[in-house]
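[1] can you look at this prediction? I've put the sequence above it.
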Amino acid sequence: QWIFLGGEFVKKEDAVVSVYDHGFLYGDGVFEGIRVYSGNVFRLDAHLKRLYESAQSIMLKIPYTQEEMTQLIVETVRKNQLESAYIRVVVSRGKGNLGLDPASCSNPNVIIIAEELTMYPKELYENGIKIASVASRRNRPDVLSPQIKSLNYLNNILVKLEANQAGVQEALMLNDQGYVTEGSADNIFIVKNGVIKTPPIYLGALEGITRNAIIEVARAKGYEVQETPFGRHDVYVADEVFLTGTAVEVIAVIDVDGRQIGNGKPGKITNELLKEFRKLVTTDGEA
Ligand code: PLP
(Lines give C-alpha, C1' and ligand atoms only; values in the text may rest on other atoms or scores of the structure.)
Protein backbone atom coordinates (compact mmCIF):
# COMPACT_ATOMS: atom_id res chain seq x y z
CA GLN A 1 0.00 0.00 0.00
CA TRP A 2 1.26 3.45 -1.04
CA ILE A 3 0.60 6.54 1.02
CA PHE A 4 1.15 10.11 -0.11
CA LEU A 5 3.24 11.83 2.57
CA GLY A 6 5.73 14.68 2.54
CA GLY A 7 5.34 15.27 -1.21
CA GLU A 8 5.93 11.68 -2.33
CA PHE A 9 4.48 8.19 -2.25
CA VAL A 10 5.89 6.03 0.53
CA LYS A 11 5.18 2.47 1.66
CA LYS A 12 2.66 2.05 4.46
CA GLU A 13 5.40 0.87 6.88
CA ASP A 14 7.39 4.04 6.18
CA ALA A 15 4.44 6.43 6.49
CA VAL A 16 5.30 8.00 9.84
CA VAL A 17 4.87 11.55 11.08
CA SER A 18 7.10 13.60 13.39
CA VAL A 19 6.19 13.80 17.07
CA TYR A 20 6.65 17.57 16.64
CA ASP A 21 3.84 17.78 14.09
CA HIS A 22 1.18 20.06 15.56
CA GLY A 23 -1.46 17.78 14.12
CA PHE A 24 -0.22 15.24 16.66
CA LEU A 25 0.62 17.63 19.49
CA TYR A 26 -2.51 19.78 19.30
CA GLY A 27 -4.96 18.31 16.78
CA ASP A 28 -4.05 21.31 14.63
CA GLY A 29 -5.13 20.45 11.11
CA VAL A 30 -8.06 19.46 8.93
CA PHE A 31 -9.21 16.29 7.20
CA GLU A 32 -11.70 14.73 4.80
CA GLY A 33 -13.12 11.27 4.28
CA ILE A 34 -14.04 10.49 0.66
CA ARG A 35 -15.37 7.38 -1.09
CA VAL A 36 -14.51 5.77 -4.39
CA TYR A 37 -17.23 3.61 -5.95
CA SER A 38 -16.39 1.52 -9.03
CA GLY A 39 -13.58 3.88 -9.93
CA ASN A 40 -15.67 7.02 -9.33
CA VAL A 41 -14.56 9.43 -6.62
CA PHE A 42 -17.89 10.53 -5.19
CA ARG A 43 -18.37 14.32 -5.10
CA LEU A 44 -14.67 15.06 -4.83
CA ASP A 45 -15.25 18.75 -5.57
CA ALA A 46 -17.62 19.11 -2.62
CA HIS A 47 -15.15 17.33 -0.32
CA LEU A 48 -12.25 19.49 -1.49
CA LYS A 49 -14.33 22.65 -1.11
CA ARG A 50 -15.02 21.67 2.49
CA LEU A 51 -11.33 20.81 3.08
CA TYR A 52 -10.11 24.14 1.71
CA GLU A 53 -12.79 26.06 3.62
CA SER A 54 -11.85 24.29 6.86
CA ALA A 55 -8.18 25.16 6.18
CA GLN A 56 -9.05 28.78 5.34
CA SER A 57 -10.97 29.08 8.60
CA ILE A 58 -7.99 27.95 10.71
CA MET A 59 -5.47 29.93 8.60
CA LEU A 60 -3.80 26.81 7.26
CA LYS A 61 -2.40 27.18 3.77
CA ILE A 62 -2.66 23.93 1.81
CA PRO A 63 0.47 23.81 -0.38
CA TYR A 64 -1.44 22.50 -3.43
CA THR A 65 -4.18 23.99 -5.56
CA GLN A 66 -7.50 22.20 -5.61
CA GLU A 67 -6.66 20.88 -9.10
CA GLU A 68 -3.31 19.53 -7.90
CA MET A 69 -5.01 17.94 -4.91
CA THR A 70 -7.56 16.28 -7.22
CA GLN A 71 -4.67 14.81 -9.24
CA LEU A 72 -2.88 13.58 -6.12
CA ILE A 73 -6.02 11.91 -4.78
CA VAL A 74 -6.77 10.18 -8.09
CA GLU A 75 -3.12 9.11 -8.31
CA THR A 76 -3.23 7.63 -4.80
CA VAL A 77 -6.27 5.54 -5.73
CA ARG A 78 -4.66 4.40 -9.00
CA LYS A 79 -1.30 3.58 -7.43
CA ASN A 80 -3.07 1.30 -4.96
CA GLN A 81 -5.16 -0.24 -7.74
CA LEU A 82 -8.42 0.34 -5.91
CA GLU A 83 -11.83 0.16 -7.57
CA SER A 84 -13.73 0.95 -4.39
CA ALA A 85 -12.08 2.66 -1.49
CA TYR A 86 -12.19 5.06 1.40
CA ILE A 87 -9.79 7.98 1.07
CA ARG A 88 -8.52 9.95 4.03
CA VAL A 89 -6.96 13.32 3.30
CA VAL A 90 -5.18 14.97 6.22
CA VAL A 91 -3.53 18.37 6.23
CA SER A 92 -1.77 19.10 9.50
CA ARG A 93 0.00 22.27 10.55
CA GLY A 94 3.29 20.39 10.24
CA LYS A 95 6.43 20.30 12.35
CA GLY A 96 7.03 23.08 14.86
CA ASN A 97 8.37 23.49 18.36
CA LEU A 98 6.53 22.39 21.50
CA GLY A 99 4.68 25.68 21.92
CA LEU A 100 1.19 25.75 20.49
CA ASP A 101 1.80 28.84 18.35
CA PRO A 102 1.36 27.76 14.70
CA ALA A 103 3.93 30.41 13.76
CA SER A 104 6.66 27.85 14.46
CA CYS A 105 5.25 25.51 11.78
CA SER A 106 6.37 26.44 8.29
CA ASN A 107 5.49 23.33 6.28
CA PRO A 108 1.93 21.97 6.38
CA ASN A 109 1.91 18.20 6.08
CA VAL A 110 -0.36 16.67 3.41
CA ILE A 111 -1.24 12.99 3.78
CA ILE A 112 -3.46 10.90 1.49
CA ILE A 113 -4.39 7.36 2.44
CA ALA A 114 -6.62 5.13 0.28
CA GLU A 115 -7.72 1.71 1.38
CA GLU A 116 -10.62 -0.68 1.29
CA LEU A 117 -13.27 0.17 3.83
CA THR A 118 -14.94 -2.13 6.28
CA MET A 119 -17.64 -0.20 8.06
CA TYR A 120 -20.55 -2.03 9.65
CA PRO A 121 -21.16 -5.68 8.76
CA LYS A 122 -23.81 -6.39 6.10
CA GLU A 123 -26.33 -7.67 8.68
CA LEU A 124 -26.53 -4.24 10.27
CA TYR A 125 -27.46 -2.67 6.92
CA GLU A 126 -30.20 -5.27 6.58
CA ASN A 127 -31.40 -5.16 10.19
CA GLY A 128 -30.60 -1.61 11.31
CA ILE A 129 -28.60 -0.27 14.26
CA LYS A 130 -29.35 0.96 17.76
CA ILE A 131 -28.38 4.43 18.93
CA ALA A 132 -28.51 6.23 22.28
CA SER A 133 -28.53 9.89 23.25
CA VAL A 134 -25.45 10.81 25.23
CA ALA A 135 -24.54 13.34 27.92
CA SER A 136 -21.76 15.02 25.89
CA ARG A 137 -23.13 17.86 23.81
CA ARG A 138 -22.19 19.11 20.35
CA ASN A 139 -19.87 22.06 20.73
CA ARG A 140 -21.67 25.36 20.23
CA PRO A 141 -21.38 26.66 16.65
CA ASP A 142 -20.66 30.16 17.96
CA VAL A 143 -17.66 28.81 19.89
CA LEU A 144 -16.19 26.38 17.36
CA SER A 145 -17.95 25.81 14.06
CA PRO A 146 -18.90 22.19 13.34
CA GLN A 147 -18.22 23.07 9.68
CA ILE A 148 -14.48 23.01 10.44
CA LYS A 149 -13.57 19.37 9.92
CA SER A 150 -10.54 19.65 12.17
CA LEU A 151 -8.22 16.99 13.55
CA ASN A 152 -9.60 17.85 16.96
CA TYR A 153 -12.37 15.24 17.15
CA LEU A 154 -12.32 14.70 20.90
CA ASN A 155 -15.95 15.81 21.21
CA ASN A 156 -16.98 13.12 18.72
CA ILE A 157 -14.74 10.51 20.35
CA LEU A 158 -16.33 11.20 23.74
CA VAL A 159 -19.81 10.61 22.34
CA LYS A 160 -18.64 7.43 20.62
CA LEU A 161 -17.25 6.21 23.95
CA GLU A 162 -20.62 6.89 25.55
CA ALA A 163 -22.34 4.93 22.78
CA ASN A 164 -19.93 2.03 23.34
CA GLN A 165 -20.66 2.14 27.07
CA ALA A 166 -24.39 2.06 26.33
CA GLY A 167 -23.87 -1.01 24.13
CA VAL A 168 -25.19 0.63 20.95
CA GLN A 169 -23.56 1.32 17.59
CA GLU A 170 -23.84 5.08 17.44
CA ALA A 171 -24.53 8.14 19.57
CA LEU A 172 -27.29 10.68 19.21
CA MET A 173 -25.66 14.04 19.90
CA LEU A 174 -27.77 16.93 21.15
CA ASN A 175 -26.76 20.58 21.23
CA ASP A 176 -26.59 22.68 24.40
CA GLN A 177 -30.34 23.39 24.12
CA GLY A 178 -31.25 19.74 23.79
CA TYR A 179 -32.03 19.78 20.07
CA VAL A 180 -30.90 16.80 18.03
CA THR A 181 -27.82 17.57 15.91
CA GLU A 182 -26.09 14.44 14.53
CA GLY A 183 -24.18 11.27 15.36
CA SER A 184 -20.44 11.05 16.09
CA ALA A 185 -19.60 11.05 12.37
CA ASP A 186 -22.93 11.03 10.57
CA ASN A 187 -26.05 13.12 10.05
CA ILE A 188 -29.50 12.06 11.21
CA PHE A 189 -32.87 11.98 9.43
CA ILE A 190 -36.32 11.07 10.70
CA VAL A 191 -39.46 10.24 8.72
CA LYS A 192 -42.93 11.08 10.05
CA ASN A 193 -46.14 10.65 8.04
CA GLY A 194 -44.16 10.50 4.82
CA VAL A 195 -42.26 13.74 5.50
CA ILE A 196 -38.46 13.53 5.81
CA LYS A 197 -36.80 15.78 8.40
CA THR A 198 -33.19 16.57 9.27
CA PRO A 199 -31.79 19.19 11.68
CA PRO A 200 -30.75 22.52 10.11
CA ILE A 201 -26.97 22.82 10.22
CA TYR A 202 -27.08 26.01 12.32
CA LEU A 203 -28.10 23.86 15.30
CA GLY A 204 -24.59 22.39 15.26
CA ALA A 205 -24.26 19.61 12.70
CA LEU A 206 -21.63 19.24 10.01
CA GLU A 207 -23.15 19.90 6.59
CA GLY A 208 -22.64 16.36 5.38
CA ILE A 209 -22.08 15.71 1.70
CA THR A 210 -24.06 12.48 2.00
CA ARG A 211 -26.80 14.42 3.83
CA ASN A 212 -27.05 16.88 0.94
CA ALA A 213 -27.06 14.05 -1.62
CA ILE A 214 -29.89 12.32 0.27
CA ILE A 215 -31.92 15.54 0.41
CA GLU A 216 -31.53 15.87 -3.39
CA VAL A 217 -32.37 12.23 -4.03
CA ALA A 218 -35.43 12.35 -1.75
CA ARG A 219 -36.77 15.54 -3.35
CA ALA A 220 -36.22 14.09 -6.82
CA LYS A 221 -38.31 11.11 -5.71
CA GLY A 222 -41.09 13.55 -4.78
CA TYR A 223 -40.67 13.48 -0.99
CA GLU A 224 -41.04 16.58 1.12
CA VAL A 225 -37.78 17.22 2.99
CA GLN A 226 -37.70 19.71 5.86
CA GLU A 227 -34.59 21.08 7.56
CA THR A 228 -36.23 21.72 10.88
CA PRO A 229 -35.28 21.55 14.58
CA PHE A 230 -36.52 18.57 16.59
CA GLY A 231 -35.87 16.95 19.94
CA ARG A 232 -35.51 13.41 21.23
CA HIS A 233 -39.29 12.93 21.53
CA ASP A 234 -39.69 13.45 17.78
CA VAL A 235 -37.04 10.80 17.16
CA TYR A 236 -38.72 8.35 19.57
CA VAL A 237 -42.09 8.67 17.80
CA ALA A 238 -40.73 8.79 14.23
CA ASP A 239 -41.89 6.18 11.71
CA GLU A 240 -38.32 5.77 10.47
CA VAL A 241 -34.87 6.98 11.52
CA PHE A 242 -31.65 6.73 9.54
CA LEU A 243 -28.09 8.05 9.54
CA THR A 244 -26.01 9.26 6.59
CA GLY A 245 -22.28 9.75 6.13
CA THR A 246 -19.37 9.04 3.82
CA ALA A 247 -18.29 6.00 5.81
CA VAL A 248 -21.72 4.71 6.80
CA GLU A 249 -23.60 5.73 3.60
CA VAL A 250 -27.27 5.29 4.65
CA ILE A 251 -28.09 3.06 7.60
CA ALA A 252 -31.42 2.44 9.30
CA VAL A 253 -31.86 3.01 13.03
CA ILE A 254 -34.34 0.65 14.65
CA ASP A 255 -33.92 1.57 18.32
CA VAL A 256 -33.29 4.91 20.03
CA ASP A 257 -32.72 4.97 23.81
CA GLY A 258 -34.54 1.65 24.07
CA ARG A 259 -37.59 2.85 22.09
CA GLN A 260 -38.32 0.67 19.10
CA ILE A 261 -38.68 2.68 15.89
CA GLY A 262 -41.61 1.66 13.67
CA ASN A 263 -41.87 -2.11 13.55
CA GLY A 264 -38.23 -2.53 14.55
CA LYS A 265 -37.08 -3.09 10.97
CA PRO A 266 -35.47 -0.66 8.47
CA GLY A 267 -38.23 1.54 7.06
CA LYS A 268 -39.55 1.58 3.51
CA ILE A 269 -38.39 5.11 2.69
CA THR A 270 -34.97 4.44 4.26
CA ASN A 271 -34.50 1.39 2.04
CA GLU A 272 -35.67 3.28 -1.01
CA LEU A 273 -33.22 6.12 -0.36
CA LEU A 274 -30.35 3.69 0.24
CA LYS A 275 -31.11 2.07 -3.13
CA GLU A 276 -31.23 5.46 -4.87
CA PHE A 277 -28.02 6.54 -3.13
CA ARG A 278 -26.20 3.41 -4.32
CA LYS A 279 -27.34 4.20 -7.87
CA LEU A 280 -26.14 7.79 -7.55
CA VAL A 281 -22.64 7.01 -6.23
CA THR A 282 -21.61 4.98 -9.24
CA THR A 283 -22.73 7.62 -11.73
CA ASP A 284 -22.01 10.93 -10.01
CA GLY A 285 -18.25 11.27 -9.62
CA GLU A 286 -14.90 11.69 -11.32
CA ALA A 287 -13.23 8.69 -12.87
N1 PLP B 1 -21.02 14.70 10.99
C2 PLP B 1 -19.73 14.59 11.38
C3 PLP B 1 -19.33 15.13 12.70
C4 PLP B 1 -18.79 13.98 10.53
O5 PLP B 1 -17.52 13.88 10.90
C6 PLP B 1 -19.23 13.45 9.29
C7 PLP B 1 -18.28 12.75 8.42
O8 PLP B 1 -17.68 13.32 7.56
C9 PLP B 1 -20.57 13.59 8.93
C10 PLP B 1 -21.44 14.22 9.81
C11 PLP B 1 -21.08 13.11 7.62
O12 PLP B 1 -20.62 13.97 6.60
P13 PLP B 1 -20.33 13.41 5.13
O14 PLP B 1 -21.61 12.88 4.59
O15 PLP B 1 -19.85 14.60 4.36
O16 PLP B 1 -19.31 12.35 5.27
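    Yes, it's here.
[2] what segments of this structure are helices?
    All helices of the chain, identified by DSSP state H, fall at 22-26, 44-57, 66-79, 122-127, 154-166, 209-220, 232-236, 268-283.
[3] the ligand contacts on this structure?
    Applying C-beta under 6 Å from any ligand atom, one finds that the chain approaches the ligand through 33, 156, 182, 185-187, 206, 208-211, 244-246. Where C-beta positions appear, they are placed from N, C-alpha and C, glycine not excepted.
[4] again, only using 5 Å
    With the criterion set to C-beta under 5 Å from any ligand atom, the chain comes near the ligand through 182, 185, 187, 206, 208-210, 245-246.
[5] now these as JSON lines including neighbour count and pLDDT?
    Compiled in JSON lines, the residues of the chain next to the ligand are given as follows (neighbours: other C-beta atoms under 10 Å; pLDDT from 0 to 100):
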{"residue": "182", "neighbour count": "30", "pLDDT": "98"}
{"residue": "185", "neighbour count": "20", "pLDDT": "96"}
{"residue": "187", "neighbour count": "25", "pLDDT": "98"}
{"residue": "206", "neighbour count": "21", "pLDDT": "97"}
{"residue": "208", "neighbour count": "22", "pLDDT": "98"}
{"residue": "209", "neighbour count": "24", "pLDDT": "98"}
{"residue": "210", "neighbour count": "22", "pLDDT": "98"}
{"residue": "245", "neighbour count": "23", "pLDDT": "97"}
{"residue": "246", "neighbour count": "21", "pLDDT": "96"}
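[6] of those, which is the nearest to residue 225?
    Sorting the residues of the chain next to the ligand by how near they are to residue 225, with C-beta to C-beta, puts residue 187 at the top with 12.4 Å.
[7] closest point of the stretch 51-200 of the chain to the ligand, which residue?
    Proximity to the ligand, evaluated over the stretch 51-200 of the chain using C-beta to the nearest ligand atom, is greatest for residue 185 at 4.0 Å.
[8] and the gap between the closest residue to residue 77 other than its chain neighbours and residue 41?
    Using C-beta to C-beta, 6 or more residues apart in numbering and skipping the chain neighbours, the partner closest in space to residue 77 is residue 114 (5.0 Å). Taking C-beta to C-beta, to the nearest Å as the measure, residue 114 and residue 41 are separated by 10 Å.
[9] more neighbours, these two?
    Counting neighbours by other C-beta atoms under 10 Å for residue 114 and for residue 41 shows that residue 114 has the greater number, 27 against 21.
[10] quick one: that one and residue 85 touch, right?
    Yes. Counting by C-beta atoms under 8 Å, residue 85 is a contact partner of residue 114 at 4.8 Å.
[11] name the residues contacting each of those two.
    Taking C-beta atoms under 8 Å, 6 or more residues apart in numbering as the contact definition, residue 114 and residue 85 share the neighbouring residues 36, 77.
[12] I figured residue 245 hits residue 207, correct?
    No. Residue 245 lies out of contact with residue 207 (C-beta under 8 Å); the separation is 12.0 Å.
[13] what are the neighbouring residues in contact with the residue nearest to residue 77?
    If you count contacts by C-beta under 8 Å, 6+ apart, then residue 114 has 36, 73, 76-77, 80, 82, 85-88 around it.
[14] how about a cut-off of 6 Å?
    With contacts defined as C-beta atoms under 6 Å, 6 or more residues apart in numbering, the neighbours of residue 114 are 76-77, 80, 82, 85, 87.
[15] any chance of those in a markdown table with neighbour count as columns?
    Written out in a markdown table, the entries for the contacts of residue 114 read as follows (neighbours: other C-beta atoms under 10 Å):
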| residue | neighbour count |
| --- | --- |
| 76 | 24 |
| 77 | 19 |
| 80 | 18 |
| 82 | 18 |
| 85 | 20 |
| 87 | 25 |
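[16] the closest residue to residue 224 other than its chain neighbours - how many residues pack around it?
    The shortest distance from residue 224 to any residue that is not its chain neighbour, by C-beta to C-beta, 6+ apart, is 4.9 Å, and that residue is residue 195. Applying other C-beta under 10 Å, we find 14 residues neighbouring residue 195.
[17] kindly report the same for residue 177.
    Counted with other C-beta under 10 Å, residues neighbouring residue 177 total 11.
[18] need the pLDDT of it.
    Listed pLDDT for residue 177 reads 96.
[19] quick check on it: phi, psi?
    Summarising the backbone geometry of residue 177 under the convention degrees, to the nearest 10, its torsions are phi -100, psi 0.
[20] where are the low-confidence patches of the protein?
    Within the chain, the stretches with pLDDT under 70 are 285-287.
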